[in-house]
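Visitor: My questions are about this predicted structure, shown below with the sequence.
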Amino acid sequence: MHWSVASIIATLSEFTTLEPGDLIALGTPPGVGHAKKPNPAG
């Protein structure tokens, strides 16, 4: 990940109130695209 979990939470909490149980979706981790079917490369 480019940023630590603590820095992501700190940045988000500047703009919104985070409550217990809130989910923070960060996207797909790198390296999973090669297993995708059908293969997007060809």
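Guide: In hand now; what should we look at?
Visitor: how far does stretch 5-22 sit from the chain's center?
Guide: For stretch 5-22, the distance from its own C-alpha centre to the chain's C-alpha centre is 13 Å (CA atoms, centre = their mean, to the nearest Å).
Visitor: Correction: the previous question concerned stretch 12-27.
Guide: Mean C-alpha position of stretch 12-27 versus that of the full chain (CA atoms, centre = their mean) differs by 11 Å.
Visitor: tell me how far the ends of that stretch are from each other?
Guide: 15 Å (CA to CA, to the nearest Å).
Visitor: any idea how far Ile24 is from Lys37?
Guide: When CB to CB, to the nearest Å is the yardstick, Ile24 and Lys37 sit 28 Å from each other. In short, each C-beta sits where N, CA and C put it, glycine included.
Visitor: quick one: which of the two has more around it?
Guide: With other CB atoms under 10 Å as the criterion, Ile24 and Lys37 differ in neighbour count, and Ile24 comes out ahead with 9 against 5.
Visitor: wait, what's in contact with the more buried one?
Guide: If a contact means CB atoms under 8 Å, 6 or more residues apart in numbering, then Ile24 has 8-9, 12 as its contacts.
Visitor: As JSON lines, the residues you listed with distance to Pro29, neighbour count and pLDDT would be great.
Guide: Compiled in JSON lines, the contacts of Ile24 are given as follows (distance: CB to CB, whole Å; neighbours: other CB atoms under 10 Å; pLDDT from 0 to 100):
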{"residue": "Ile8", "distance to Pro29": "14", "neighbour count": "14", "pLDDT": "91"}
{"residue": "Ile9", "distance to Pro29": "18", "neighbour count": "13", "pLDDT": "93"}
{"residue": "Leu12", "distance to Pro29": "19", "neighbour count": "13", "pLDDT": "94"}
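Visitor: Inside helices: which ones of those residues?
Guide: Among the contacts of Ile24, the subset assigned to helices under DSSP state H consists of 8-9, 12.
Visitor: Look up the pLDDT of Pro40 for me, please.
Guide: Model confidence at Pro40, expressed as pLDDT, equals 59.
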